[in-house]
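> Sharing a model that was predicted from the sequence below.
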Amino acid sequence: MSISTVSAATVTTTSESTLSQLGEDYETFLGLLVAQVQNQDPLEPMDATQFVSQIATLTQVEQSVNMNAQLEQLRSSLALTASMSEASLIGRTVSVPSDTITLHSEGMPLAFGYELEGTASAVSAVITDASGNVVRTIGDLSTATGVINDVVWDGYDANGDLAPVGTYQISLTATDATGGYNTYVRDTVNSVSYVGGQQILNLADGTMASSGDIVMIE
């Protein structure tokens, strides 16, 4: 189990280029102002009001550069804090939306869940292999709505034989259904990655999930 290293470079993307542009603009403005002072006509010096206005503009640009640098530091700190919070999930079992389950060893029971969006008089779970063949149908499931109903597949096919190791599709068939459904899988968080400014959970079956997708932590 591990958590990938969080670096400020992964956090600063477009904002980093904006800060760089501000810095370049600041240096350019400062150079022009110095050149203007050095090359002014001694008999007709720069108007004091105009000079003060330019100094004020220079100060505003400098403050913008400093403020952006401070915001980037704050953003990096918040990102690191969030990532460390996600690290507490390593080793925990979570439920996330998915329509596939992975059988790692023959005869190993697999648990998943579903939530009905409407009423139904009967519900069955259908497990199919990668070719779309029905491996097992589990009937007489709960018709409760608004909750996640648990299902356990014992790892055997419809003929009572052990199903081979692999990834299977899960779906529901519902009689007299008045709405759709969502399916969830339960798996262990092996590690946490920080990709594109977001924390990604790496699950034991090799899939990834966002921490925002978690509906249950055990």
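On my side now, so go ahead. Worth saying up front: this structure is predicted, and the values here are computed from it rather than measured.

> all strands of this structure, in order?
2-3, 93-97, 100-103, 110-116, 122-128, 134-138, 149-153, 166-175, 181-195, 198-203, 208-210, 216-217 (DSSP state E).

> tell me what the third one is packed against?
With contacts taken as 3 or more CB pairs under 8 Å, 6 or more residues apart in numbering; DSSP states H and E, strand 100-103 sits against strand 110-116, strand 166-175. For glycine as for every other residue, the C-beta is placed from the backbone atoms N, C-alpha and C.

> can you tell which of the strands of the chain is closest to residue 31?
In terms of CB to CB, the element of these nearest to residue 31 is strand 181-195, at 38.7 Å.

> Can you list the helices and strands that the closest one packs against?
strand 2-3, helix 48-87, strand 93-97, strand 110-116, strand 166-175, strand 198-203.

> the domain parsing of the protein - what is it?
Annotated domains of the chain cover 2-87, 93-217 [automatic domain parsing].

> how about JSON lines for the helices and strands packed on strand 100-103, with distance to residue 187, mean pLDDT and mean neighbour count added?
JSON lines is the format used below for the helices and strands packed on strand 100-103 (distance: least, CB to CB, whole Å; pLDDT from 0 to 100; neighbours: other CB atoms under 10 Å):
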{"stretch": "strand 110-116", "distance to residue 187": "9", "mean pLDDT": "92", "mean neighbour count": "20"}
{"stretch": "strand 166-175", "distance to residue 187": "12", "mean pLDDT": "94", "mean neighbour count": "16"}
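
> quick revisit: ok, of the domains of the chain, where does mean pLDDT dip lowest?
Ranked by mean pLDDT, those bottom out at domain 2-87, which scores a mean of 59.

> could the helices and strands packed on strand 100-103 be laid out in TSV, adding distance to residue 97?
Formatted as TSV, those follow (distance: least, CB to CB, whole Å):
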stretch	distance to residue 97
strand 110-116	10
strand 166-175	12
